[in-house]
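Q: Only the shape, not the letters, is given here:
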């Protein structure tokens, strides 16, 4: 009897775990004014067996979810060509398509799959791309994201970031005051979500190493905050820092050798550099104000951070060689958690304007011209993280009483929401390009 | 050194409270002086305890006295200044700790959800340390107090209203042993 009950409990838990891992979805709530019409025709399957993924569907969704494209519904397609000789441009012209993507999947020797795809300009009747991609049955989705990246880059001139990942934290109330926190890893579009850490205590501040192989994060699992580094492939991890007081906001240097972090072991939140090889710790800030949220400039020569040394939280830049300190933000009475684009030109941050009441939004400042644009109308935005192509910012916000993820193009023209069925979702971190 | 800190803290608090034109018996305290955000308004029911300074003046703080003392202390938005009306209770906690060297407290600092998570961690830390400093200058031993911040991660009250926020900007004093 006891055993049956245990079994039932185990089953229930398993079921709950499944439900809790319900995937994020991406919905474009605002796209560009005149999205480019493109048709992604179902790919031909010449392998002789059923495939786990509908590749063309994934490519179609990636393009559509970028906000730059309007894709064609399959039921409206007049034909389903998979090769050049079956493609009649007239069919696509009458459907008002500017571009069409076709492809086919074949078996290749050694049990691999080979995906061939082509991109055509319908009006000019020109082939723009033709490539072969090799994949395995389990990496078909990666192949699809790669194809979407190629098509996106060809048509927009921007590098695609569909073959990247995000991590985020979920929190679920279990009743009797208990919570369950999870660190989740998923494709950029929320698919293939998996739990990489689960705890009854808060998990915070996940940060990717620049090679995409490791994450640093803060976990309260011992009852106190400590910084951990986890290897994604093996799941192995290491506790890096656990001084009394704060241990927070880890940020990897671009070369992966150092971690910037926040400690209060000397009595006040200050920014330190930890050399991961020698384990030597170097204190970078000396101020009675709060100094936190370090982020690296892409060249590794300076750090930006949040400080309230001027009376309110603002973002500063610290040169690591000459130790020069420069205040970067002046608009608004709360600017925090800055993140720089890979070219170092744009700064995304949490912003509250003067007279902005309780509204916290994501703003982007052009560091060259000083111009600041508020790109969201969320009111409760936080934790901005920039895609490696510098075109999209993902962030956390509130819908009703629940935490959800949302995203915006850097210029604010395209807006997405990423609803999930249950629980609170927060602290997204977009991966670098993955090899 | 510590005494200097205390007098600074008291002076600061007093100035703040004075500037905002409030009194310890008022439930609207410093709302009048709070600008803009609206988050500086304490929740109704937060500052209505009416601490009896007289009783706490007793030189010995007994376990029974301890039950009467507040354990949760509230703060203004983006501030880590202990409210004047909390000083008497905190001094009594400090006296209890100094009279009971085996007693220990954990000070858990929290922030409301507004603003960024790591900044709020730092803010929670500052609030806990502000309370810690007050306890230590009033006689508690360094080893008897531990400060820890949970930032905005563990709200006392769910919700996105000024009322919920004011209840979440707090330090909880938790006895680990008495």
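A: Great, that's in hand. For clarity, every value in this text was computed on a predicted model and none was experimentally measured. Numbering: from 1, shown residues only, chains lettered A, B, ... in the order given.

Q: Around chain A, pick out the residues from chain B.
A: B:36-39, B:78, B:113-119, B:121-123, B:125-126, B:129, B:146-151, B:153-154, B:158-160, B:162 (C-beta under 8 Å from any C-beta of the partner chain). For glycine as for every other residue, the C-beta is placed from the backbone atoms N, C-alpha and C.

Q: Tell me the buried residues within those residues.
A: Among the residues of chain B next to chain A, those buried by neighbour count (16 or more other C-beta atoms under 10 Å in any protein chain shown) are B:37, B:39, B:78, B:113-119, B:121-123, B:125-126, B:129, B:146-151, B:153-154, B:162.

Q: Restricted to helices, list the residues you listed.
A: The helices, defined by DSSP state H, take in B:117, B:118, B:119, B:121, B:122, B:123, B:125, B:126, B:129, B:162 from these.

Q: Run a quick check on the third one versus residue A:336, I expect a contact.
A: Yes. Shown here, residue B:119 and residue A:336 form a contact pair, counting by C-beta atoms under 8 Å, at 5.1 Å.

Q: Which neighbours do these two have in common?
A: Contact criterion C-beta atoms under 8 Å, 6 or more residues apart in numbering or on different chains; residues shared by residue B:119 and residue A:336: A:293, A:306, A:313.

Q: and the second one, what element?
A: Element membership of residue A:306 [criterion: DSSP states H and E] is strand A:302-307.

Q: Give me the mean pLDDT for that strand.
A: For strand A:302-307, the mean per-residue pLDDT is 98.

Q: Check stretch A:362-378 too.
A: 95.

Q: just stretch A:327-338 next, same as before
A: Mean predicted lDDT for stretch A:327-338 stands at 97.

Q: do stretch A:151-170 as well
A: Rounded mean pLDDT across stretch A:151-170 is 95.

Q: try stretch B:105-114
A: On average, stretch B:105-114 scores 97.

Q: Tell me the buried residues in it?
A: Across stretch B:105-114, burial judged by 16+ other C-beta under 10 Å covers B:105, B:106, B:107, B:108, B:109, B:110, B:111, B:112, B:113, B:114.

Q: And it, end to end?
A: Stretch B:105-114 has an end-to-end distance of 28 Å (C-alpha to C-alpha, to the nearest Å).

Q: sorry, back to before: among the ones in helices among the buried ones among the residues of chain B next to chain A, which two are most distant?
A: Based on C-beta to C-beta, the longest span within these runs between B:129 and B:162 and measures 25.4 Å.

Q: where do the strands sit along the stretch 1-150 of chain A?
A: A:27-30, A:36-40, A:44-45, A:69-71, A:99-108, A:112-121, A:126-135 (DSSP state E, counting those that start in this stretch).

Q: Go through those and name the closest to chain B.
A: strand A:27-30 (20.7 Å; C-beta to the nearest C-beta).

Q: and the closest one, average pLDDT?
A: 85.

Q: Which strands and helices lie in contact with it?
A: strand A:415-418 (3 or more C-beta pairs under 8 Å, 6 or more residues apart in numbering or on different chains; DSSP states H and E).

Q: For stretch A:131-144, buried residues please.
A: A:133, A:135, A:139, A:140, A:141, A:142, A:143, A:144.

Q: try stretch A:344-361
A: A:346-353, A:356, A:358-361.

Q: just for chain B, where's the confidence low?
A: B:1-58 (pLDDT under 70).

Q: what about 90?
A: B:1-66, B:158-160, B:178 (pLDDT under 90).

Q: What ranges does it have for its strands?
A: Here chain B has its strands, by DSSP state E, at B:72-74, B:104-110, B:145-151, B:170-177.

Q: Who are the contact partners of residue A:209?
A: Neighbouring residues of residue A:209 by C-beta under 8 Å, 6+ apart: A:215, A:216, A:252, A:256.

Q: Now do the phi/psi pair for the second one.
A: For residue A:216, the backbone dihedrals are phi -110, psi 150 (criterion: degrees, to the nearest 10).

Q: Verify the contact between it and residue A:228 for me.
A: Yes. Taking contacts as C-beta under 8 Å, residue A:216 lies within contact range of residue A:228: 7.0 Å.

Q: Secondary structure element holding residue A:420?
A: Using DSSP H and E, no helix or strand contains residue A:420.

Q: Would you format the contacts of residue A:209 as TSV with distance to chain B, neighbour count and secondary structure included?
A: TSV is the format used below for these (distance: C-beta to the nearest C-beta, whole Å; neighbours: other C-beta atoms under 10 Å in any protein chain shown; DSSP: H, G, I helix; E, B strand; the rest coil):
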residue	distance to chain B	neighbour count	secondary structure
A:215	16	24	strand
A:216	13	24	strand
A:252	15	22	strand
A:256	21	13	coil
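
Q: What is the most widely separated pair among the residues you listed?
A: Maximum distance among the contacts of residue A:209 (C-beta to C-beta): 12.4 Å, for A:215 and A:256.

Q: Any regions of the stretch 51-200 of chain A where pLDDT drops low?
A: Along the stretch 51-200 of chain A, the model assigns pLDDT under 90 to residues A:52, A:65-67, A:108-111, A:137-138, A:158, A:173-178, A:189-190.

Q: let's go with 80 and repeat that
A: By pLDDT under 80, the stretch 51-200 of chain A contains no weakly predicted segment.

Q: Residue A:306: what's it in contact with?
A: Contacts of residue A:306 by C-beta under 8 Å, 6+ apart are A:290-293, A:313-316, A:335-338, B:116, B:118-119.

Q: If you could redo that for residue A:405, that was the one I meant.
A: A:24, A:168, A:394, A:395, A:396, A:397, A:417, A:418, A:420, A:425, A:426, A:428.

Q: surely the third one meets residue A:381?
A: Spelled out, that is residue A:394. No. Using C-beta under 8 Å, residue A:394 is not in contact with residue A:381, being 10.7 Å away.

Q: Which one of those two is surrounded by more residues?
A: Neighbour count, other C-beta atoms under 10 Å in any protein chain shown: between residue A:394 and residue A:381, residue A:381 has more, with 25 against 22.

Q: what's the distance between the more buried one and chain B?
A: 10 Å (C-beta to the nearest C-beta, to the nearest Å).

Q: thinking again about what came up before, could I get the ones in helices among the buried ones among the residues of chain B next to chain A as JSON lines with distance to residue A:118?
A: Shown next, in JSON lines, are those (distance: C-beta to C-beta, whole Å):
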{"residue": "B:117", "distance to residue A:118": "46"}
{"residue": "B:118", "distance to residue A:118": "47"}
{"residue": "B:119", "distance to residue A:118": "50"}
{"residue": "B:121", "distance to residue A:118": "51"}
{"residue": "B:122", "distance to residue A:118": "54"}
{"residue": "B:123", "distance to residue A:118": "55"}
{"residue": "B:125", "distance to residue A:118": "57"}
{"residue": "B:126", "distance to residue A:118": "60"}
{"residue": "B:129", "distance to residue A:118": "63"}
{"residue": "B:162", "distance to residue A:118": "58"}
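
Q: Give me the common contacts of residue A:216 and residue A:228.
A: residue A:240.

Q: got the end-to-end distance for stretch A:376-385?
A: From its first residue to its last, stretch A:376-385 covers 14 Å (C-alpha to C-alpha).

Q: likewise stretch A:384-404?
A: With C-alpha to C-alpha applied, stretch A:384-404 spans 13 Å between its terminal residues.

Q: quick one: that stretch near chain B?
A: Yes. For stretch A:384-404, a contact with chain B is found by C-beta under 8 Å from any C-beta, at A:398, A:401.

Q: What is the distance between that stretch and the centre of its chain?
A: 8 Å (C-alpha atoms, centre = their mean, to the nearest Å).

Q: what's the average pLDDT for that stretch?
A: 92.

Q: List the buried residues for that stretch?
A: Applying 16+ other C-beta under 10 Å to stretch A:384-404 flags A:384-398, A:403-404 as buried.

Q: Of the residues you listed, which belong to helices?
A: Using DSSP H, none of those sit in helices.

Q: Select from these every entry located in strands.
A: A:384, A:385, A:386, A:392, A:393, A:394, A:395, A:396, A:397, A:398, A:403, A:404.

Q: Run through the residues that contact the third one.
A: For residue A:386, the contacting residues are A:339, A:340, A:341, A:342, A:348, A:392, A:393, A:410, A:430, by C-beta under 8 Å, 6+ apart.
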